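Engineer: structure of the sequence below:
(4 chains)
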Number of protein chains: 4
Amino acid sequence: MSDDTLSTNPFIDADGDHLHEECGVFGIFSHTDAAALSTLGLHALQHRGQEAAGIVTFDGSQFHSERHMGLVGDNFTKKAVLDRLAGSCAIGHTRYSTTGASALRNVQPLYADFAGGGFAMAHNGNLTNAMTLQRQLQQRGSIFQSTSDSETILHLIATSDGKNLVDKLIDALRQVEGAYALVALSEKKLIGARDPLGVRPLLLGDLHGSYVLASETCALDIIGARFVRDIEPGEMVVISKDGLQSLRPFEQRNHPRFCIFEYVYFARPDSAVNGVNVYGVRKRIGEELAREAPADADLVVPVPDSGTPAAIGFAQAANLPFELGIIRNHYVGRTFIQPTDSIRHMGVKLKHNANREMLDGKRVVLVDDSIVRGTTSLKIVQMVREAGAREVHMRIASPPTTNSCFYGVDTPEKAKLLASRMSIEEMAAYIKVDSLAFLTIDGLYRAVGEAKRNNEIPQFCDACFTGEYPTALTDHEKPNDVVKATRLAEAG
Amino acid sequence: MSDDTLSTNPFIDADGDHLHEECGVFGIFSHTDAAALSTLGLHALQHRGQEAAGIVTFDGSQFHSERHMGLVGDNFTKKAVLDRLAGSCAIGHTRYSTTGASALRNVQPLYADFAGGGFAMAHNGNLTNAMTLQRQLQQRGSIFQSTSDSETILHLIATSDGKNLVDKLIDALRQVEGAYALVALSEKKLIGARDPLGVRPLLLGDLHGSYVLASETCALDIIGARFVRDIEPGEMVVISKDGLQSLRPFEQRNHPRFCIFEYVYFARPDSAVNGVNVYGVRKRIGEELAREAPADADLVVPVPDSGTPAAIGFAQAANLPFELGIIRNHYVGRTFIQPTDSIRHMGVKLKHNANREMLDGKRVVLVDDSIVRGTTSLKIVQMVREAGAREVHMRIASPPTTNSCFYGVDTPEKAKLLASRMSIEEMAAYIKVDSLAFLTIDGLYRAVGEAKRNNEIPQFCDACFTGEYPTALTDHEKPNDVVKATRLAEAG
Amino acid sequence: MSDDTLSTNPFIDADGDHLHEECGVFGIFSHTDAAALSTLGLHALQHRGQEAAGIVTFDGSQFHSERHMGLVGDNFTKKAVLDRLAGSCAIGHTRYSTTGASALRNVQPLYADFAGGGFAMAHNGNLTNAMTLQRQLQQRGSIFQSTSDSETILHLIATSDGKNLVDKLIDALRQVEGAYALVALSEKKLIGARDPLGVRPLLLGDLHGSYVLASETCALDIIGARFVRDIEPGEMVVISKDGLQSLRPFEQRNHPRFCIFEYVYFARPDSAVNGVNVYGVRKRIGEELAREAPADADLVVPVPDSGTPAAIGFAQAANLPFELGIIRNHYVGRTFIQPTDSIRHMGVKLKHNANREMLDGKRVVLVDDSIVRGTTSLKIVQMVREAGAREVHMRIASPPTTNSCFYGVDTPEKAKLLASRMSIEEMAAYIKVDSLAFLTIDGLYRAVGEAKRNNEIPQFCDACFTGEYPTALTDHEKPNDVVKATRLAEAG
Amino acid sequence: MSDDTLSTNPFIDADGDHLHEECGVFGIFSHTDAAALSTLGLHALQHRGQEAAGIVTFDGSQFHSERHMGLVGDNFTKKAVLDRLAGSCAIGHTRYSTTGASALRNVQPLYADFAGGGFAMAHNGNLTNAMTLQRQLQQRGSIFQSTSDSETILHLIATSDGKNLVDKLIDALRQVEGAYALVALSEKKLIGARDPLGVRPLLLGDLHGSYVLASETCALDIIGARFVRDIEPGEMVVISKDGLQSLRPFEQRNHPRFCIFEYVYFARPDSAVNGVNVYGVRKRIGEELAREAPADADLVVPVPDSGTPAAIGFAQAANLPFELGIIRNHYVGRTFIQPTDSIRHMGVKLKHNANREMLDGKRVVLVDDSIVRGTTSLKIVQMVREAGAREVHMRIASPPTTNSCFYGVDTPEKAKLLASRMSIEEMAAYIKVDSLAFLTIDGLYRAVGEAKRNNEIPQFCDACFTGEYPTALTDHEKPNDVVKATRLAEAG
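Structural biologist: Below is the predicted model of the structure:
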């Protein structure tokens, strides 16, 4: 057993062995409750980033910013905070960030005073040439304050010759590569934009006449807003008191490549993203999986909560009972324990416990959404076996994750991905299951409504499964040439 | 619609319209990791009380105490905290308490310096003659520091003529009435005791030779301890370096009356309490409910998470699809928002959202564990209808809750209980469902393994459903005669 | 040089090598601003205890308590705190306490719910038989919550047969020995009491018809209250809506023995205590010292701030210039630095710096109030010499401190007192001065207005200088027989 | 009486009616204890700014920054903080800033990642064309993060064509006008620079071979460093492993104009600034004042602590007794009280109390350093009279303060300065003294060692007394043309 497994801290790794979405964004134009509605919208998007959140409002003469480490519900619901966030226009952001002392200055929305006025921006996604651009901007005299790739966009705006803020933003976006769904707020406008491939989601809603922008429909549902449509790949919407203007700043050379992993794990099951209900996709994934990789078993058990919809689909398709054979403890704290040797081995039970009565003597189909490093699977399987399961058949609701994401998802480097260094048989032996099967890439495409993957022009970004990256990866191709983002370590 | 409904604050009432267990207890004797294991045990018992927690250890010469408002994982996992909790014997407590400034002095374990030595105690349950006893003790010269009924036991010990601590504790317990499962720690002994009726759970485990006491088996599972047996009603176990001694301090006049609501809602589904697996009971409840009150419907949807096991049982028995038609947001914060008028109406969506695609046009069986004040049911039903459900058939996994609990559960006064002032038909109209059914009391007894309720000598405490209280309720019968517990309001 | 000297931490020992008064007390009856006025009064008494403070009010039906570690001005000036302290009667307390995690439960005022009603009490002084009484009370069934000797009085009240609270308090005070100036608040009465010797100060003031009790006149000045008179030794005043009643609970066998060190160091120079202005005494001390121990010098320099009034008196009597040759930094923090080796040697300069221009080449008379362990004197002299002083003549504004105080002053044990283990000549050599002189005991008595010390019946308590303790020291005479105050260590 | 007087909050305005220095700076090159020594140095400079402090270190590969609101001793003495500040080179800053939520991003040292490497800078003083330059830089594409004028220097460096950091800094400094004493740290160099007039102090010290830069000598004394010399007006010193290089980037067209108010109030009395001991100047001020404006009185009383040295000088010159007739409470908190009406009138007594016994029936000379708005003087005089003083003769240790400072001192606008709107007679009547006299401007120049003020080419900057500003005031001459520094309000 690897040392990595043993050292897993029992009170950390709250979400276990999963990829992490880096952001959710929200914006609202011209509503008297802009800050409170943004709080609610960000709360609904909390699953896209639990480490920090921020809201910026504009009150007609001044911008107001609140950015805090921690959950939306813990930081943005006090009357004093909402009172400080005056104004009828707002944008907000939830963030999954690496822990560390200096994190606050990286929390979004970012803000800049341009010669032409104040400007705030929140970004979901990741730029793949940010460091290269940053080096050029520094040569020219720009001073970067954060280590966020998003700040690069601000400096590109500041140094643009465009004749107004919208032109400058278009100028900036034409220079960046990578994935972005962004919301921005100037003194007159709320702006939403998606990269030409539309990798990250962004959609338009309507709340009694006020425009809303959000990453997922669940952020509309919570405030009772009506879903209007997705912002299209390569589209920029500019919302002002004169209404909504749709711009197409990019030549239409690209086919859309929405992130297929949003359906597998990131998005909330009650959301529709890119027009398709997530829970439905996940159930169909389970059904596909039951067809592709049936198992002779007594019951189907999800690894909660991420495997639950696929397990329901699997159970229904396989006509097997769906049972809560593993119970999840939702009170897992976020802080650190210095584990003693004897405690270090307890790992996964902090979050999951086997429901022995359902498992004892049974042949179990275990359904999980994905395998990243394999550490959680290893422990879950061991726990299920110790609870008496006679056979364990692991079914994974996605193809093997073999490649890192560079578009706003926190993935381990490729070498840490179990599927990049082991065959399925080796993985089955490693996690000690009787059988292991992953959904095929075509099965996944079927679940999202396609006949199959179009290998010439794939309908989605599936680089984490296929290694086919839809954009250049400039920073990663010549890393030695790139300056460090900052030489400063700051606490507090 | 009542004003009470409208004023519900969107960011509060995190667990909604449920009864709240007031405590979980844990103890361990002679283990080098006593404090860390207690932290893990209390973490597993977090669902029995999320407001505060405490641990007391004894290191051979001194007791160490840490008590904090908030979750176990947020307060007891730091190395500094665990280091301060030196010693190989420990007891711990999680608490659901009313919010308020002075709460910390009520957080358990309580501690007292007796003439014979130090003594710490943690108590799950509630005494029904505590105020009467307190008045007598104050007349005699005792000074109470907390407003907890549990402190009464300490003063009864302090003023007892018993010849040693165990005798004094027995003397004290013979004077109290009500419900208690308690763990206590003296300089030499770890003690566990249950009231003569065994209303609250307490069980014995073994961790590689070290005795463990805990409220539920999930607290044994998390540390890998083996379940040995339940502490029996009226039993006191005294654990010392000489082993475990079982005492029977009470005349055996009572039949056991374990709290049946532990199975309905309080206990974790993966726990066995009083020897029976909770998830199994809940599934059987769903099966009974499907037989007693079938519905002509398209799918079965749980109100997550409390209605989930019963919904699975109902769906299997009724041969209907089980679907996640309502999605729960687990990031609900604990703090306060000053809602604007427009936000005040959003209430329940903070925690739950309808999964429209599954509900639209469907006839839905909604399964919840109980109805307390009815406020949550009202909103859930409205939400499900707004998502397009054609019919809503509510099925409740317990009989109508018509009476308050005086044994350690936080219940509204009787007049606030919806079932105490409305018939089932009136309730159905109030929450606006097409049909409403509760499990019968005999159905509930069948689900826990009995043939039916023995109305002469009921096998369980079911006072919340029947009003038959198994003990005297001294304090509540002559309240005017009872002193206020304290005249002091203290912050900080 | 002793290791003790070297390890002195530069950012700690904020008040250096001084004895510490343990408390100031304040009370006010029937004023609409009771809490705010108590805050101001305690702020004026902050020099008597900087570690913690507390206020208890009574609003006609309930007591309210706020107790905080830290300064009055940092904790009791917020509107929310004052709003919580509702009511027109209040008592308050400032405390010098040992640092440590569990300190908060020792912060006063203490509070108890007696059978006869609520009761709060704040105590300046120290009981010399508290532990002996505590042992007896514990045998009888009392449970102590704090480690404060003051709690003993509460338990004596609780267990008294007295027919009302005042009688019970008198009963309690007749059993204790030692020093106390205390203020207490019941539901009907504000009570002030001094021990039969009147060791600690307590005085009565009047604010537009509302009675005020305070340790020093400076607490009257700050609120504009008029000084009425000292509470007399052995007197108890009981203030109610019917006015002030003066009781004499003790047989008048004792002569008063007010603490003479209040004049030397504890009290504020602008206060009058026991009827005499403190600044005036200190100046006369300096004049006496100039007569008793003149020095052939160029200037007189105080060790600021405690030596300043005596230095002014010395300079005027000796007709030498008074100069600020040492400058004190008032921003000394309270927290801890882990000093590196090179920093460990900087010690005293954090708080004091030599004013080189005034000292270089000069013969300097240095005036300080007392020498306790000698560590500060050693460093001050070294600093003054390094600044170029040609001669250093140290003059101490009190006799040698040779004995510990047991009446509410935090003194090192006798063996740590420099004067208890060295002659004056040895001390002069140790601190490296050209000459060293202490005020004589008769000189001190002259400065406070007596002709000389009456060695038969000393007019003051001067035990720290003479070892003649005016009361029994029961706890200290048979320490092995005394229980530990508590076996509990609690953080938070 | 003006409303302004009445509303003065008793627990705020800790330093009362004084001008506030805005900064102290410190730097050290190549010492193993760089961070700890900076902490000590900043602690000694705490009087120059009590609201916030910061330290930046460089460890050979990375910069480390800690910036905190509050006192140095409360924030920079913990081992964890010092451990994070790794490296042998450091600069630090103490700041007097306006309170407000977004203050932290204005706390210095500022830091920037330039194309050529990291760079940190701390600035004492104020630029008078910062906003004008900021507007130009924003037009060019620079993004400002703080509202500090100091950040302008960073952007001028970033956009300079200079061939290395030193050249770029010189280029930047040649563009700014106003006052600055700054310390900066690059990866290779510690840099100190004073503006061409040398308005703010900066001096060079030596600690066993390591160069030190500091605002005052007291910061050298505390660490045992030797004073080497003042950095000269218009000089830049560049310290590297190759030693110290002195540069003269400016044409020498200006005569030095050191701030004469440093002697009156800002600097610590034990410091020497610009080569002259401050305490000595203040005593001579008192002597000059006694000659210029004698008073027939019984005693001389300082307004503590700022008036003390001048009062000693006055008393010695006038041959009157120097007495502490007013006692200062050093525990004044920094937080806010919502004053009740009755408390609102207590104002100044929080900080000062009259020592009645010394004042009653006496003719008193009161000595203070300056009168700003007059509010404190008004209350002090009233307090002294209420304590029984028969006559009050106020003597002010500086000329009337008639003009605002634009060089780094927080002054009220001119209209709020009492001396700008009243004659001396009117002021005497306003503060209700029997006589009032200010030191003459020539008297002040004599006290600092000059024969008299050279009205052609004044030897000092005395603009606050004379209105003769030694530099252009670009921003203040065309304010309408200047952009707001930021449109963002940020909390936390």
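Engineer: shaky segments in the stretch 301-450 of chain A?
Structural biologist: Scanning the stretch 301-450 of chain A with the threshold set as pLDDT under 70 gives A:332-348.
Engineer: quick one: the strands in the stretch 51-200 of chain A?
Structural biologist: Taking DSSP state E, counting those that start in this stretch as the criterion, the stretch 51-200 of chain A carries its strands at A:52-58, A:63-69, A:89-95, A:110-114, A:117-127, A:178-186, A:190-194.
Engineer: okay, the ones you listed, which one's buried deepest?
Structural biologist: Most buried of the strands of the stretch 51-200 of chain A by mean neighbour count (mean count of other Cβ atoms under 10 Å in any protein chain shown) is strand A:89-95; its value is a mean of 31. From N, CA and C alone the C-beta is placed, and that goes for glycine too.
Engineer: name the strands paired with it and say parallel or antiparallel.
Structural biologist: Here strand A:89-95 is paired, per DSSP bridges, with strand A:23-28 (antiparallel), strand A:52-58 (antiparallel).
Engineer: pLDDT of the lengthiest helix in chain A, averaged?
Structural biologist: In chain A, assigned by DSSP state H, the helix with the most residues is helix A:278-292. Averaged across helix A:278-292, pLDDT comes to 98.
Engineer: again, but for stretch A:176-186
Structural biologist: Across stretch A:176-186, pLDDT averages out at 97.
Engineer: got the CA coordinates for that stretch in PDB?
Structural biologist: Output in PDB follows, covering the C-alpha atoms of stretch A:176-186 (Å, rounded to 0.1, in the frame of the first residue of the first chain):
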ATOM      1  CA  VAL A 176      -6.200  35.100 -24.400                       C
ATOM      2  CA  GLU A 177      -6.600  31.400 -25.100                       C
ATOM      3  CA  GLY A 178      -8.200  28.800 -22.900                       C
ATOM      4  CA  ALA A 179     -11.600  28.600 -21.200                       C
ATOM      5  CA  TYR A 180     -13.600  31.300 -19.700                       C
ATOM      6  CA  ALA A 181     -17.200  32.100 -18.700                       C
ATOM      7  CA  LEU A 182     -17.000  35.500 -17.200                       C
ATOM      8  CA  VAL A 183     -19.300  38.200 -15.800                       C
ATOM      9  CA  ALA A 184     -18.100  41.800 -15.500                       C
ATOM     10  CA  LEU A 185     -19.600  45.000 -14.200                       C
ATOM     11  CA  SER A 186     -18.800  48.500 -15.200                       C
END
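Engineer: chain center to it, what's the gap?
Structural biologist: Centroid separation between stretch A:176-186 and its chain, computed with Cα atoms, centre = their mean, to the nearest Å, is 15 Å.
Engineer: isn't A:Asp475 up against A:Leu133?
Structural biologist: No: using Cβ atoms under 8 Å, A:Asp475 is not in contact with A:Leu133; the gap is 9.1 Å.
Engineer: residue in chain A nearest to chain C?
Structural biologist: Closest residue of chain A to chain C, Cβ to the nearest Cβ: A:Ala80 (12.1 Å).
Engineer: returning to that earlier point: of all the strands of the stretch 51-200 of chain A, which lies closest to D:Leu244?
Structural biologist: Among the strands of the stretch 51-200 of chain A, strand A:110-114 comes nearest to D:Leu244, with 38.4 Å by Cβ to Cβ.
Engineer: in stretch A:31-42, which residues are buried?
Structural biologist: For stretch A:31-42, burial by neighbour count (16 or more other Cβ atoms under 10 Å in any protein chain shown) applies to A:His31, A:Asp33, A:Ala34, A:Ala35, A:Ala36, A:Leu37, A:Ser38, A:Thr39, A:Leu40, A:Gly41, A:Leu42.
Engineer: next one: the residue of chain A most remote from its centre from A:Ala315, what distance?
Structural biologist: Distance from the C-alpha centroid of chain A peaks at A:Gly361, with 38.1 Å (Cα atoms, centre = their mean). Going from A:Gly361 to A:Ala315 by Cβ to Cβ, to the nearest Å gives 19 Å.
Engineer: next one: A:Phe322
Structural biologist: Remark: distance between A:Phe322 and A:Ala315 (Cβ to Cβ) = 4 Å.
Engineer: give me the common contacts of these two.
Structural biologist: Residues touching both A:Phe322 and A:Ala315 (Cβ atoms under 8 Å, 6 or more residues apart in numbering or on different chains): A:Leu299, A:Val300.
Engineer: which one of the strands paired with strand A:89-95 lies nearest to D:His330?
Structural biologist: The closest of the strands paired with strand A:89-95 to D:His330 is strand A:52-58. By Cβ to Cβ, the value is 40.1 Å.
Engineer: now the angle from the closest one to strand A:117-127?
Structural biologist: Per axes from the mean of the first three to the mean of the last three Cα atoms, to 10 degrees, the angle that strand A:52-58 makes with strand A:117-127 is 150 degrees.
Engineer: put the alpha carbons of the longest helix of chain A into CSV.
Structural biologist: Taking Å, rounded to 0.1, in the frame of the first residue of the first chain, the C-alpha atoms of helix A:278-292 are listed here in CSV:
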residue,chain,number,x,y,z
VAL,A,278,-27.8,16.8,-15.3
TYR,A,279,-29.7,14.3,-13.2
GLY,A,280,-31.1,12.8,-16.4
VAL,A,281,-27.7,12.4,-18.0
ARG,A,282,-26.4,10.8,-14.8
LYS,A,283,-29.2,8.3,-14.7
ARG,A,284,-28.7,7.5,-18.4
ILE,A,285,-25.0,7.0,-17.7
GLY,A,286,-26.0,4.4,-15.1
GLU,A,287,-28.3,2.8,-17.6
GLU,A,288,-25.5,2.7,-20.3
LEU,A,289,-23.2,1.3,-17.7
ALA,A,290,-25.6,-1.5,-16.8
ARG,A,291,-25.8,-2.4,-20.4
GLU,A,292,-22.1,-2.1,-21.2
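Engineer: need the contact list for the closest residue to A:Gly286 other than its chain neighbours.
Structural biologist: Of all residues not flanking A:Gly286 in the chain, A:Gly313 sits nearest, at 2.6 Å (Cβ to Cβ, 6 or more residues apart in numbering or on different chains). Contact analysis of A:Gly313 by Cβ under 8 Å, 6+ apart lists A:Arg282, A:Lys283, A:Arg284, A:Ile285, A:Gly286, A:Glu287, A:Leu289, A:Ala290.
Engineer: again, only using 10 Å
Structural biologist: A:279-290, A:300, A:322, A:367, A:397, A:447 (Cβ atoms under 10 Å, 6 or more residues apart in numbering or on different chains).
Engineer: how close does A:Asp74 sit to A:Gln50?
Structural biologist: Computed as Cβ to Cβ, the A:Asp74 to A:Gln50 distance reads 10 Å.
Engineer: please say which of the two ends up with more neighbours.
Structural biologist: Legend: neighbour count by other Cβ atoms under 10 Å in any protein chain shown for A:Asp74 and A:Gln50, higher for A:Gln50 (20 against 16).
Engineer: tell me the secondary structure at that one.
Structural biologist: When classified by DSSP: H, G, I helix; E, B strand; the rest coil, A:Gln50 comes out as coil.
Engineer: still on that earlier bit, now do the shared contacts for A:Asp74 and A:Gln50.
Structural biologist: In contact with both A:Asp74 and A:Gln50: B:Tyr331, using Cβ under 10 Å, 6+ apart.
Engineer: against A:Val367, how distant is the residue farthest from the centre of chain A?
Structural biologist: 20 Å.
Engineer: before we move on, what about A:Ser420?
Structural biologist: The gap separating A:Ser420 from A:Val367 is 22 Å, by Cβ to Cβ.
Engineer: between these two, who's got more neighbours?
Structural biologist: Of the pair A:Ser420 and A:Val367, A:Val367 is the one with more neighbours under other Cβ under 10 Å, namely 29 against 16.
Engineer: please tell me I have it right and that one contacts A:Ala297.
Structural biologist: No: taking contacts as Cβ atoms under 10 Å, A:Val367 lies outside contact range of A:Ala297: 11.0 Å.
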